[in-house]
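Chemist: predicted model and sequence below, questions to follow.
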Amino acid sequence: SGGNYSVNSGKDGSVNSGLRYSVNSGRDYSVNSGRDYSVNSGKDGSVNSGLGYSVNSGRDGSVNSGGNYSVNSGKDGSVNSGLGYSVIYLNGKSAIGVGYKGSIVQGVIGSAFTLPVVEGGEIIKMLSAVIDGERFKERTWYGVKDGRLAEVKPTEEQQKQIDKYEATRGLIDSLEDFYN
């Protein structure tokens, strides 16, 4: 555990947490948590969460959750969720994504997602889809547009988060390699 700008890591079953701008990583069945602008990563069966502008990533069977403008990514059997305007990557079969107002999702064949139709700050309907390669394509961003699921382009702020995720992917991969 650490404060702002901390780096925390552990092996299987570890619990790692930090405040703003922290990096938290653990292996299988780890719990990794940070506040705003944190990077949280774990392997199989891990739980990774952060507040706004965080990057949360786990492998098979992980749970990844973040606040507004977060990036949440997981592989096979993972559950990924984000608050408003979040970016959700579904990188494995049977991965599930749930977002809130303005969130966008992309996945691989066999993954599924749910996004809300929001009016006046209230959810009036939930829309769901399975990435099947035909109606919903792999590696294509989807969001809610005019009350329907549609292909979308990331907003400028979401693109900044995508760029941050891509930049931290190397860090996350290095941490995973370190623990293997």
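Modeler: Thanks, I have the structure now.
Chemist: for residue 10, see how far away residue 85 is.
Modeler: The gap separating residue 85 from residue 10 is 31 Å, by Cβ to Cβ, to the nearest Å. From N, CA and C alone the C-beta is placed, and that goes for glycine too.
Chemist: so for those two, which residue has more residues nearby?
Modeler: residue 85 (21 against 17; other Cβ atoms under 10 Å).
Chemist: can you name the residues that contact the closest residue to the more buried one other than its chain neighbours?
Modeler: The shortest distance from residue 85 to any residue other than its chain neighbours is 4.1 Å, reached at residue 102 (Cβ to Cβ, 6 or more residues apart in numbering). Contact analysis of residue 102 by Cβ atoms under 8 Å, 6 or more residues apart in numbering lists 84-85, 143, 155.
Chemist: helix/strand/coil for residue 165?
Modeler: Going by DSSP: H, G, I helix; E, B strand; the rest coil, the secondary structure assigned to residue 165 is helix.
Chemist: state the number of residues packed around it.
Modeler: 20.
Chemist: for it, what are its contacts?
Modeler: Contacts for residue 165 (Cβ under 8 Å, 6+ apart) come out as 55, 57, 71, 73, 87, 89.
Chemist: let's have those residues in TSV, adding neighbour count.
Modeler: Output for the contacts of residue 165, formatted as TSV (neighbours: other Cβ atoms under 10 Å):
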residue	neighbour count
55	29
57	31
71	27
73	26
87	29
89	25
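Chemist: ok, so of those, who is nearest residue 28?
Modeler: Distances from residue 28 to those, taken as Cβ to Cβ, are shortest for residue 57 (14.3 Å).
Chemist: distance of the nearest residue to that closest one once chain neighbours are set aside relative to residue 54?
Modeler: With Cβ to Cβ, 6+ apart as the criterion, residue 57 has its nearest non-adjacent residue at 4.4 Å, and that residue is residue 73. Going from residue 73 to residue 54 by Cβ to Cβ gives 11 Å.
Chemist: so for this protein, the centremost residue is which one?
Modeler: residue 72 (0.6 Å; Cα atoms, centre = their mean).
Chemist: thank you kindly, that will do.
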